[in-house]
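Asks: Got a predicted model here, sequence first, then my questions.
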Amino acid sequence: MSAVSHPPVLTLSGVGRTFGKVKAVDSISLTIQRGEVVGLVGENGAGKSTLLKILAGIEQPDTGTMEINGRKANFRGPYDAQRAGVGVVHQEQSLFTNLTVAENIGRQSRKTDILSRLGIQNWRRLNREAADVLGKIGVRLDPTARVGDLSFVDRQMVEIARAVCVDRATSQTPLIILDEPTAVLEEAEAAVLEREIRKLKEFASVIFVSHRLDEIMRICDRVIVMRSGRLVSDRKTADTSKQQLFDAMVENAAEARKGAKAASLDEAEPVLVVRGLTRHGHFRDVSFTARKGQVTALVGSNGSGSGEVARTIFGAERFDAGSIEIDGRPVSHWSIRRAVAAGLAYVPAERKTEGMIGGYSAARNIAIVHPGEGASGPFLRPGRMNEVAQGWFDRLDVRPNDIAKPLIQFSGGNQQKVVMAKWLNAAALKVLILDHPLRGLDVGAAQAVNAEIHRACDAGAAVILVPDTIEEALEMASEIVVLRDGEVSARHDLTQRSDLSLQTIVAEMV
Amino acid sequence: MSFAHGDTNLMPKHGPGHAGAARSALSARWKASGGLLLSLLVLVVAFSFLNPRFSSIENLQNVLYQASVPLIIVVGTTLVIQMGSIDLSVQGVMGASGMAWILLSPNTRLDLDMAGWSWVLALGLGLAIGLLTGLIYAKLKVPSFVVTLGTWYVGLGIAILLYGNSLLPSLTDEGLARWPITPTLGLPNAFWLAFATVVIGTLVVRYTYLGRGILAIGNNETIARSGGMAVDRIKIAAFTIAGGLSGLAGILATMQLGSGSPDIGSSQLFTVIPAAVIGGTALKGGEGGVLQSALGVMLLIILNNGLVLAGVDPNYQSGVFGAILLIAIVAVAWPDRSRLKVEK
Amino acid sequence: AGADAQGIAKEDMVMVVSVINTTNPYMISNIEGAKALSAKLGIPLEIVNSNNSSQTGISNILAILASGKKPIMFVNTVASSDAPTIVDAVKRAGGYVSIWWNKPDGYKPQNVGDNFVAFQKIPGVESGRCGAQAIGEALGGKGNVVLLPGVQDSTTSQTRVAGFRAEIAEKYPDIKILDARPSNWDPQIAARNAQDLIVKYGSDINGVWSADDAMQIGAMQSFENAGLLDKVKFASDGLYPKTLEDIKSGRGNKAIVGETFHRGYMASAVGLYTAYLAATGEVKPSTLPPEKRESLFKLSCVKTDNYQDYLQYDSADAPAKFVDRLVQNGPWNTEPMPLVGGAPEVMPKS
Amino acid sequence: MTHRNATSPASATAALAASPGERPLDRLRRHASWHLLAPVCVFAAMLLAVSILNPSYLGPFGISIVTATAAPILLVALGQAMILNIGSIDLTNAAIGLLSSILIALTLSSLGVGSLLLVLFLVTVIGAVNGAVVAYAQVPSFALTLGTLGILQTAVLVISGANTIYVDENRELVTFFYEVQWLNVPLTFWLGVGVALFYWLLLRLTRVGQNMTAIGKNEIGAILSAVPNRRVKILAFAISGFTGGLAGIAILAQAGSASASGLGSALLLPGIAAALVGGTSISGGQTNPINVVFGALTVAFVPVAIQALRFSAEAQSLVYGIFIIVVVALTTARERGLIIR
Ligand SMILES: Nc1ncnc2c1ncn2[C@@H]1O[C@H](COP(=O)(O)OP(=O)(O)OP(=O)(O)O)[C@@H](O)[C@H]1O
Ligand SMILES: Nc1ncnc2c1ncn2[C@@H]1O[C@H](COP(=O)(O)OP(=O)(O)OP(=O)(O)O)[C@@H](O)[C@H]1O
Ligand SMILES: [Mg+2]
Ligand SMILES: [Mg+2]
């Protein structure tokens, strides 16, 4: 698998891209050989996605040149990139939910038989080929299923299958780009993906972006680090360590801050008690207690219902049986509005579609639920509103420090900080419900968000956490409630035992 | 009306191996058409009860004959709406094509019988207006609502200029004039023409890159673009087809009436867009289908026909029409209410 | 400007004809009449096309008023309620206007002043009665008819329908009116309604009366499609060229049995000339008797045996000839449409 | 981070930003403040063109004509803009205007000013009912308001007895709005300007206004931020009904009489067009009521300009169509990469 007889798959020299004042990608030079798996890491907003979008033909570089397989690449659009053999799994899922799996996979590989020349879709061949590709990456999915009907993880698999599909479109060595494909996957699924990436090495080169450094260390041959648009480190995996990568990535590491777990659960006052909560078809008979100043984690594999429970407690879904008690009083006619009035807050997993109003400025996003000083009665006070927002920006170190910019233009980690600020601005926060709060966040941002969670605990809030990883739960929570197929399969009081192992929980999950 | 969220159903539905869930999702998608068929059935039964003539063969022929023009138009309308756009230009294009066709066919005004060429030129006019619409929409990025409002008047203007200020042209060729009503296999030719259009439309959506591209753009234009799809070309093609079909409808309507009029397409727009919407072709794009829209047309035509046959006071006709429509829409949507459902 | 003007000089005048659209034969004829009078009097002509919208019509008229000349105006209103706005604007501009066909009943030229010279129309009740007689006779006083009125809230349609119903009730007790489906003056809607009526009543229908020829054209096509044209008698209003042809050719076993005759060029010429006389000061509207402020002009009934008498009014030079006679005899005394009385029309009880 | 089926404006931006062969029109439209200035500029350009070719139009009379014609369009457009802003559409607000003009015409002589208040209240309730059904039954507003439109049309016809209602007594209570002018502009138009200003303040400076725009930008995000989405929708539709009622007053003020097919019966499309020309996004979350004023002026001015430029009566439709496209091509709000529906 040496590069002796082949030109490098990718050569970048001095590639740059600027958005307004932000140099998202700043003069990057880089070479990738055939069969290499290169890890790309960096803080949120470091410019990783932008660099990859340039490779995919979605963005055009302002400066520099690209060569793919020894040929000068001057992509005018994504189509050119595909033809040159670049396959992409975007950070944002990019599937057509109203089309079938096969169509989403085979959309790009325009073949040259007579039917397709006439613009006619050959369903049989399309389905057969999709089935082949899916088989190759070991996913059992019906090619004729509508993507909108699939689970999120299955959709991610379709994305990957589609990216892998490029090898059919070119005789060259394909370059497969995976922008945070594992951010939304559970361990088991991520493992499938890992296996698949190893297989890809046989015929392709891969660029792999992730914030999970373990994963990077396991999968990649080489790791490059970006910071503020620049390439700051490029080393063989064997020659580096997680700590070194971390140091290279982070500009000013936030001080890790630990919340104090209670000495025993009984010591902490119950704030929200869930009894026998049931939502038909989603979860059954779920009971637990969220306590003042403590984190209660709901863990479970995809589809276990943990996210649903969180949403239901927040009033976003109806429940069919059971009760929710707040400060000892059961709630009735539960709704989001009532929940918020009772002091609940909810950070959804789907940040962009559910957690925020992307088109609105950061300041307005913060003012939308609890404007605090930013409003008096029904009226807004724009000046004060901006002051409040500026206060949060400074406290959470949101970058760029521009409260008037539409929130959608921030990177994920910074968006998440603003979403947190929106809820933390409440005068009296009683229960903070967090669904995958660290999804897609870099280490630094994750620390900042975790610090805020601890601060909320210190201020007396009860936290219900649906974590990305079990480690996260072990680290943060004083109690873990394990869900399996919509039912509580185990619960662990972490104030009493510290020897709980990951394997135990995984076993209870499946 | 139309929006950025491709998919408002944000919950994951089932993991690998949940075959049952797949079936239920499928049935959910058919539920809309099911509701429509049910409404249709209720109407037919109710109207037959009110006036037995309603369910006669004669009335079936009558309804199909009346439905043929909107059925042809609705195919184009559906393509455009599925793409997330809207086409208001129907009346103008119908007027222009219809007028061009009759002036070039044997008529009382102009002695310029061009036989087959009249079809080519008249349809070409419709296609050209559609092409113009598509170009302005895709290339100049003017919202389709406004472009087609503009081309509506452009088409009408062409029709009026063609019409000039002399005699109303009427068809002199008996064969042509009688063709739409002449039955084949018991049903009028006009209907068969519409039927063929609907079938072809359905096939185009199901079996061509164009049709799939239209659905893809309607689902998420950003992804379509970043996936390298020829978005502009598909947009232009969809509007051109819609223009051509409006042109065809204009010709058929002119033939049915036996004389030309620039206003030949008046009030069609307010049949076909509601029909598509009732048929479940959401204005945000990406959903619905030609067949469902065709069902929507049948519902509206039958509703109108039934109200006449049932002898509803004309003063109240639009009110009764609106009320029935309202009840049907609410009844179909009621079971699906949920806290996070978004309907624009 | 106003009523006390000594008369406006011709150079300061502009003639304005406002029509509902430019596609209806009647409207086209309106324009012809205005052109003929404009040529005769040597005053420039502006044409306003309302495009079937009150709003467009009014703003276009207002636009012309803004040009500073003194308008001599004929307005075929889109809806009755347009009249006050238009008259008001013309008054402000110091012009003179005659309104044709539609205005609110309570709104009278006498109360507005000299600038609203006259409201003029051809009686709708008479038209309805003409049609009823034609059908009544053709059916031998016995049978079933269906009605296709125009836009529901149009006075013109309402008076015609009232006339038809009254005449049938008074003179033909054995003729039954089965149904009435308003068809918006639109041939296609009329065709559709006719089809539905054919399904509903089948061959029970012996006669069809439409409030104007556009709708009759649509209705006849439907009856022809159903193979019933030979057995049904039609009557309507307007004697459109297409209708004339059908009468000549005896289409469908002489299906058309009655029509009324009036031409758009006559209406516009009469209206404009009345306004012109007021503008020049030759006539002082405030001194005119009421029937000349709210006027009804004669309507001619046409049957299959006398239609030839009316062909002369469709020759190419007919508008010019009419205008010549008009200028000679004055607006209230020109054949074939002399003044017959005062509006408002009394709606008969039926 | 990832989300299901992302249509993130960010990636839209990324995908569409700065294509190299950018046309001059695009460049102009992408200029940061263009969508704020465009409606004003285009209107001014049209005014200038017409006044050069036909100078008498720029006189005081010309101004009063254009503004008088624009007033009902403006009021309907403002209501529509508020609805488009929450991502819905209201096909009934022009019909509500017509209904209110008829109701006022019928009751003005007996109730005087009370008639205005009563009718405005009634149409506000009708709007609110529309909103309530949209919010609680969760049906598409287009389909729903189409149904209500049918019912309103019947109501208009039946209530007016299919007649033109001419206001005799207390006439001055409404005609006053048309006849009293300030700076040659009738009060009806100033009423529209006042309402525009009020709505602008509502959207910019109140929580409920902020919530409306939030719903238009991302309804699910707004719901999960505890925005009372149903109440807000009902309010928006009530506002639309109320503004439609004001349009009814403007119509009656101008016409002095009302009928089912008279002035105001064809305001729906011009109203939507005016909102769009004024920079309102048809996909929700973006409007500026002040700019809608210029949108309405432009839409009202187009037919006048065509007449002023002396196009033949037969060519007017054609020219009108071309005008509409050109004007909107110049004025539509286009943030970078915004997807145009
Ligand atoms: N279209 C755009 N307009 C303006 N700024 C942008 C745009 N796209 C990216 N940026 C900015 O460029 C910088 C790099 O963004 P990019 O998305 O490439 O970061 P990333 O490394 O992928 O972050 P993450 O880990 O959160 O995915 C950020 O500051 C971002 O705000
Ligand atoms: N709208 C829906 N229709 C049908 N089934 C649904 C729907 N929403 C959720 N479910 C089902 O409910 C269960 C719980 O889903 P939920 O999203 O809560 O799981 P989760 O563990 O939180 O997943 P993740 O870790 O991805 O957030 C799953 O079995 C899912 O298939
Ligand atoms: Mg990224
Ligand atoms: Mg989970």
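Replies: Everything's here; your move. Numbering: from 1, shown residues only, chains lettered A, B, ... in the order given. Ligands and ions are numbered 1, 2, ... in the order given.
Asks: In space, what's closest to the spatially most central residue of chain D - neighbours in sequence excluded?
Replies: Computing the C-alpha centroid of chain D and ranking residues by CA atoms, centre = their mean puts D:Ala77 first, at 0.5 Å. Spatial nearest neighbour of D:Ala77, chain neighbours left out: D:Ala274 (3.7 Å); criterion: CB to CB, 6 or more residues apart in numbering or on different chains. Every C-beta, even on glycine, is put in place using the N, C-alpha and C of the backbone.
Asks: Over to A:Ile336?
Replies: Distance criterion CB to CB, 6+ apart; nearest residue to A:Ile336, sequence neighbours excluded, is A:Gly315 at 4.4 Å.
Asks: Mind picking out the helix or strand in the chain with the poorest mean pLDDT?
Replies: Answering for chain A, as no chain was given. helix A:114-117 (a mean of 70; mean pLDDT, DSSP states H and E).
Asks: oops, I was thinking of chain C
Replies: Lowest by mean pLDDT, DSSP H and E among the helices and strands of chain C is helix C:54-65, with a mean of 84.
Asks: Helix or strand next in line after that helix, which one?
Replies: Remark: after helix C:54-65, the chain's next helix or strand is strand C:70-76, criterion DSSP states H and E.
Asks: so what does that following strand touch, helix or strand wise?
Replies: Strand C:70-76 makes packing contacts with strand C:13-19, helix C:25-41, helix C:54-65, helix C:82-93, strand C:96-100, helix C:264-280 when contacts are defined by 3 or more CB pairs under 8 Å, 6 or more residues apart in numbering or on different chains; DSSP states H and E.
Asks: Sheet partners, orientation included, of it?
Replies: Partner strands and pairing direction for strand C:70-76 (DSSP bridges) are strand C:13-19 (parallel), strand C:96-100 (parallel).
Asks: could you give the angle of that strand to helix C:25-41?
Replies: Per axes from the mean of the first three to the mean of the last three CA atoms, to 10 degrees, the angle that strand C:70-76 makes with helix C:25-41 is 160 degrees.
Asks: Do I have it right that the residue nearest to the centre of chain D meets D:Leu297?
Replies: No - the pair D:Ala77 and D:Leu297 does not pass the contact test of CB atoms under 8 Å, sitting 10.4 Å apart.
Asks: rewinding a little: what about the residue nearest to the centre of chain D, helix or strand, and which?
Replies: Taking DSSP H and E as the definition, D:Ala77 sits inside helix D:60-85.
Asks: so, in contact with chain C or not, the helix or strand just after that helix?
Replies: Next helix or strand after helix D:60-85 toward the C-terminus (DSSP H and E): helix D:93-111. No - if you take CB under 8 Å from any CB of the partner chain as the test, helix D:93-111 misses chain C, and the best it gets is 8.7 Å.
Asks: Could you check helix D:93-111 against chain B for contacts?
Replies: No - using CB under 8 Å from any CB, helix D:93-111 stays clear of chain B, coming no nearer than 10.5 Å.
Asks: where does the stretch 151-300 of chain A have low pLDDT?
Replies: A:166-171, A:251-263 (pLDDT under 70).
Asks: change it to 80
Replies: For the stretch 151-300 of chain A, the stretches flagged by pLDDT under 80 are A:151-153, A:164-173, A:182-193, A:196, A:199-200, A:202-203, A:250-266.
Asks: same question, chain C
Replies: Filtered on pLDDT under 80, chain C yields the residue ranges C:1-7, C:63, C:66-68, C:343, C:349-350.
Asks: Now do the helices in it.
Replies: Counting by DSSP state H, chain C has helices at residues C:25-41, C:54-65, C:82-93, C:109-112, C:124-138, C:155-171, C:187-201, C:213-225, C:241-249, C:251-254, C:264-280, C:290-293, C:318-329.
Asks: how about these, which one is nearest chain A?
Replies: With distances scored as CB to the nearest CB, the stretch of the helices of chain C nearest to chain A is helix C:54-65 (34.7 Å).
Asks: What about contact with chain B: does that closest one have any residue there?
Replies: No - judged by CB under 8 Å from any CB, helix C:54-65 stays clear of chain B, getting no closer than 11.1 Å.
Asks: tilt between that helix and strand C:13-19?
Replies: Relative orientation of helix C:54-65 with respect to strand C:13-19: 170 degrees, computed using the same axes, to 10 degrees.
Asks: For helix C:54-65, name the packing helices and strands.
Replies: strand C:13-19, strand C:45-49, strand C:70-76, helix C:82-93, helix D:60-85, helix D:289-308.
Asks: could you redo the last one with a cut-off of 10 Å?
Replies: strand C:13-19, strand C:45-49, strand C:70-76, helix C:82-93, helix D:60-85, helix D:229-255, helix D:289-308, helix D:316-331 (3 or more CB pairs under 10 Å, 6 or more residues apart in numbering or on different chains; DSSP states H and E).
Asks: What number of residues are in the vicinity of A:Leu115?
Replies: 13 (other CB atoms under 10 Å in any protein chain shown).
Asks: quick one, what contacts it?
Replies: A:121-122, A:125, B:207-208 (CB atoms under 10 Å, 6 or more residues apart in numbering or on different chains).
Asks: End to end on stretch D:259-268, go ahead and measure it.
Replies: Distance across stretch D:259-268, first residue to last, is 16 Å (CA to CA, to the nearest Å).
Asks: touching chain C at all, that stretch?
Replies: Yes - counting by CB under 10 Å from any CB of the partner chain, chain C has neighbours in stretch D:259-268: D:259-267.
Asks: in stretch C:228-242, what's buried?
Replies: Using 16 or more other CB atoms under 10 Å in any protein chain shown as the test for burial, stretch C:228-242 gives C:228-229, C:232-242.
Asks: got it, and stretch C:310-323?
Replies: Those would be C:310, C:313, C:318-320, C:322-323, for stretch C:310-323 by 16+ other CB under 10 Å.
Asks: Nearest to ligand 3: which residue in chain B?
Replies: For chain B and ligand 3, the shortest gap (CB to the ion) falls at B:Ser226, measuring 14.5 Å.
Asks: Isn't that residue up against A:Ile58?
Replies: Yes - between B:Ser226 and A:Ile58 there is a contact under CB atoms under 10 Å: 5.1 Å.
Asks: thinking again about what came up before, so what's the residue nearest to the centre of chain D up against?
Replies: D:70, D:84, D:93-94, D:192, D:196, D:243, D:247, D:267, D:270-278, D:280, D:289, D:292-293, D:295-296, D:299.
Asks: Same question for A:Ser332.
Replies: With CB under 10 Å, 6+ apart, A:Ser332 has these contacts: A:323-324, A:338.
Asks: show me where pLDDT drops low in chain B?
Replies: Residues of chain B meeting the criterion pLDDT under 80: B:1-36, B:108-115, B:165-168, B:226-228, B:280-286, B:328, B:331-344.
Asks: mind checking the SS state of the residue nearest in space to the middle of it?
Replies: For chain B, B:Val74 is the residue whose C-alpha lies nearest the centre (CA atoms, centre = their mean; 1.1 Å). Judged by DSSP: H, G, I helix; E, B strand; the rest coil, the three-state class of B:Val74 is helix.
Asks: Return the distance of it relative to B:Leu88.
Replies: Note on B:Val74: its distance to B:Leu88, by CB to CB, to the nearest Å, is 14 Å.
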